[in-house]
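J.: got a predicted structure here, sequence first:
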Amino acid sequence: MILTTNRGIAEWGTIFEDTTVAAAILDRLLHHATVLSITGDSYRMRGHRAKLAQLRAGLNQTGT
């Protein structure tokens, strides 16, 4: 099973609005799990930022 989330493990108590429930869920999920933490921008965010930079460059060229 693969489980992905954009929230850190420490934030799960606020997501479930109950730290006891979150701790129980995490206990069962992480017992035999391998956790991979990937940092940085996703491909979607990289593409979004590139398009935004392109739009800004186009606006700057037409404004001068």
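T.: Received it, and whenever you're ready, just let me know what you need. Every value quoted in this text rests on a predicted model; they were computed, and no experiment measured them. Numbers count the residues shown, from 1 in each chain.

J.: pretty sure Thr19 is touching Gly13, no?
T.: Yes - using CB atoms under 8 Å, Thr19 is in contact with Gly13, at 3.7 Å. The C-beta positions use only the backbone N, C-alpha and C, and glycine is treated the same way.

J.: neighbour-wise, which of those two wins?
T.: Gly13 (15 against 11; other CB atoms under 10 Å).

J.: contacts only, for that one.
T.: 19, 22-23 (CB atoms under 8 Å, 6 or more residues apart in numbering).

J.: tell me the helix or strand right after the one helix or strand it maps to.
T.: For Gly13, the host element (DSSP states H and E) is helix 12-15. Heading C-terminal from helix 12-15, the first helix or strand you meet, by DSSP H and E, is helix 19-30.

J.: send the alpha carbons of the next helix or strand after that next one over as CSV?
T.: Sequence-wise, the next helix or strand downstream of helix 19-30 (DSSP H and E) is helix 43-63. Taking C-alpha atoms only, helix 43-63 is exported to CSV below (Å, rounded to 0.1, in the frame of the first residue of the first chain):
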residue,chain,number,x,y,z
TYR,A,43,6.3,18.8,-11.1
ARG,A,44,2.9,20.6,-11.1
MET,A,45,4.3,23.5,-9.0
ARG,A,46,7.4,23.8,-11.1
GLY,A,47,5.3,24.0,-14.3
HIS,A,48,3.0,26.6,-12.6
ARG,A,49,5.9,28.7,-11.6
ALA,A,50,7.5,28.5,-15.0
LYS,A,51,4.3,29.6,-16.7
LEU,A,52,3.9,32.4,-14.2
ALA,A,53,7.4,33.6,-14.9
GLN,A,54,6.7,33.5,-18.6
LEU,A,55,3.5,35.6,-18.1
ARG,A,56,5.4,38.1,-16.0
ALA,A,57,8.1,38.4,-18.6
GLY,A,58,5.5,39.0,-21.3
LEU,A,59,3.8,41.7,-19.2
ASN,A,60,7.1,43.4,-18.6
GLN,A,61,7.9,43.4,-22.3
THR,A,62,4.6,45.0,-23.3
GLY,A,63,4.8,47.6,-20.5
